[in-house]
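>>> Sharing a sequence plus its predicted fold:
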Amino acid sequence: MPLALCTLSHSPLYGINDPDPSVLNAVDAAFDRVRTFVEDFDPELTIVFGPDHYNGVFYDMMPAFCIGSGARAVGDWGTEPGPLPVDRTAARRLVSAVLDDGIDVAQSEELHVDHGIAQPLEFLFGKRYSNPLVPVFVNAVGLPLGPMQRIRLLGESIGREIESWNKRVLIVGSGGLSHDPPVPRLDEATPEVLARLIDGRNPSPELRAERQRRVIEAGKAHAAGDTSFQQINPDFDARIMNTFADSAVSETDSWTTDWMEKNGGHSAHEIRSWVAAFAALSTGGSYTVTNRWYWPVQEWMTGFGMMTAIQEA
Ligand SMILES: O=C(O)CCC(=O)/C=C/C=C(\O)C(=O)O
Ligand SMILES: [Fe+2]
């Protein structure tokens with residue numbers, strides 16, 4: 001049974017600080033196409049790789065990656081809070097298979113996920129979706145990060161296991177391409193920020209609003225041409241998407257964190273979700289990229305891309 005994939009950027013500023021309607025309409029039309037792709041595939045299970053932005057996973061225990069055998073959405077940026085429809089049996093089997101492959105994945109029976117995982121699920125399935133899924137947290141924000149090869153190996157291990165289940169499994173990878181929105185960093189955190197990077201779950205509504213305001217203001221300044229932010233890099237983004245379109249997933253092993261940051265900004269590390277997703281898809285042999293879209297969206301501060309792909313029979 002073939003596997004299918006969609007990788008897509010997310011943005012907290014979608015619906016809040018939108019680009020010109022000509023761009024927004026094109027993005028929404030692409031979402032419609034991706035939704036049709038998913039409906040036609042009719043997945044029995046969805047594996048979703050995505051990051052967190054200090055809303056669900058903190059430095060009290062920062063894993064490189066973590067499979068959620070239970071999960072709840074924190075409900076940031078307008079996403080629906082509450083439990084996710086996790087297939088616990090599938091998730092636990094994945095944990096065992098990945099550990100057997102020598103990858104020390106973490107497991108959570110209650111993974112807290114933010115818009116990095118919840119937004120693409122809502123884009124694809126609508127709010128209050130009930131499709132069985134397994135969320136996989138991919139650290140892309142809590143520096144330092146390990147080598148890219150590890151995320152490829154994680155993806156491949158998950159791919160080999162789901163391949164053996166003889167089910168229609170959709171693999172989703174969530175994250176922006178080049179972008180550098182204001183996300184706090186450990187190495188420059190004030191004591192107050194450090195405290196919430198370590199233990200920041202359930203912030204007060206005031207603190208959440210203040211954090212969100214910072215991102216919204218940055219989006220507005222970025223769109224107005226403020227050059228103090230690292231700029232979107234369409235050439236870098238094209239290279240990333242071409243690598244996946246060329247089925248050259250193992251080339252990502254040579255992408256260093258420095259190279260990613262210099263060319264794509266700190267949040268370019270979210271591309272790790274795409275690497276995991278394409279690596280998982282690649283384990284069954286050849287795949288075909290059925291569609292790709294890309295826009296550099298200043299208002300969302302991100303190179304916004306989407307790809308769909310399916311295994312060849
Ligand atoms: O202020 C914080 O702690 C987090 C800010 C935040 O959530 C930013 C998110 C940005 C993205 O998810 C993105 O552009 O990919
Ligand atoms: Fe993000």
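Yep, it's here. Ligands and ions are numbered 1, 2, ... in the order given.

>>> hey, let's count contacts and neighbours off CA atoms from now on
Will do.

>>> all helices for this protein, in order.
21-41, 88-100, 115-125, 148-163, 191-198, 205-223, 234-245, 257-264, 271-282 (DSSP state H).

>>> Which strands or helices does the last one pack on?
Taking 3 or more CA pairs under 8 Å, 6 or more residues apart in numbering; DSSP states H and E as contact, the helices and strands that helix 271-282 lies on are strand 3-8, strand 45-50, helix 148-163, strand 169-174, strand 302-311.

>>> circling back to that earlier point, turn the helices of the chain into TSV, including distance to ligand 1 and mean neighbour count.
Formatted as TSV, the helices of the chain follow (distance: least, CA to the nearest ligand atom, whole Å; neighbours: other CA atoms under 10 Å):
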stretch	distance to ligand 1	mean neighbour count
helix 21-41	16	15
helix 88-100	25	18
helix 115-125	6	22
helix 148-163	18	22
helix 191-198	8	15
helix 205-223	5	16
helix 234-245	14	17
helix 257-264	12	17
helix 271-282	10	29
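
>>> Make a markdown table from those helices and add mean pLDDT to it.
Converted to a markdown table, these look like this (pLDDT from 0 to 100):
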| stretch | mean pLDDT |
| --- | --- |
| helix 21-41 | 98 |
| helix 88-100 | 98 |
| helix 115-125 | 98 |
| helix 148-163 | 98 |
| helix 191-198 | 97 |
| helix 205-223 | 95 |
| helix 234-245 | 98 |
| helix 257-264 | 98 |
| helix 271-282 | 98 |
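
>>> Please render those as a markdown table that adds distance to Phe58 to the earlier fields.
Shown next, in a markdown table, are those (distance: least, CA to CA, whole Å):
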| stretch | distance to Phe58 |
| --- | --- |
| helix 21-41 | 31 |
| helix 88-100 | 21 |
| helix 115-125 | 14 |
| helix 148-163 | 19 |
| helix 191-198 | 5 |
| helix 205-223 | 16 |
| helix 234-245 | 28 |
| helix 257-264 | 20 |
| helix 271-282 | 18 |
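
>>> now for these, which one comes closest to His10?
helix 115-125 (6.6 Å; CA to CA).

>>> Show me what that closest one packs onto, helices and strands only.
Going by 3+ CA pairs under 8 Å, 6+ apart, helix 115-125 lies up against helix 21-41, strand 45-50, strand 169-174.

>>> Specify the angle between that helix and strand 3-8 in degrees.
120 degrees (axes from the mean of the first three to the mean of the last three CA atoms, to 10 degrees).

>>> Compute the inter-axis angle for helix 115-125 and strand 45-50.
Using the same axes, to 10 degrees: helix 115-125 against strand 45-50 is 140 degrees.

>>> Need the residues that contact helix 115-125.
Outside of helix 115-125, the residues within contact range by CA atoms under 8 Å, 6 or more residues apart in numbering are 8, 10, 12, 31, 34-35, 38, 48-53, 73, 75-77, 79-80, 128-129, 131, 135, 174-175.

>>> among these, which ones are buried?
Neighbour-count burial (16 or more other CA atoms under 10 Å) is assigned, among the contacts of helix 115-125, to 8, 10, 12, 31, 34-35, 38, 48-53, 73, 75-77, 79-80, 135, 174-175.

>>> that older thread, can you say which of the helices of the chain is nearest to Gly303?
Here helix 234-245 is closest among these (CA to CA), at 6.8 Å.

>>> Next, the angle helix 257-264 makes with that closest one.
Computed with the same axes, to 10 degrees, the direction of helix 234-245 lies at 120 degrees from that of helix 257-264.

>>> Give me the helices and strands touching helix 234-245, please.
For helix 234-245, the packing partners by 3+ CA pairs under 8 Å, 6+ apart come out as helix 257-264, strand 287-297.

>>> so what does the first one touch, helix or strand wise?
Other helices and strands packing on helix 257-264, by 3+ CA pairs under 8 Å, 6+ apart, are helix 234-245.

>>> before we move on, what about the longest one?
The elements that strand 287-297 packs onto, with contact taken as 3+ CA pairs under 8 Å, 6+ apart, are helix 234-245, strand 302-311.

>>> quick one: contacts of the first one?
For helix 234-245, the external contacting residues (CA under 8 Å, 6+ apart) are 177-178, 249, 251-252, 263-264, 278, 288-289, 296, 303.

>>> Just the angle for that helix relative to strand 302-311, thanks.
Helix 234-245 runs at 10 degrees relative to strand 302-311, counting by the same axes, to 10 degrees.
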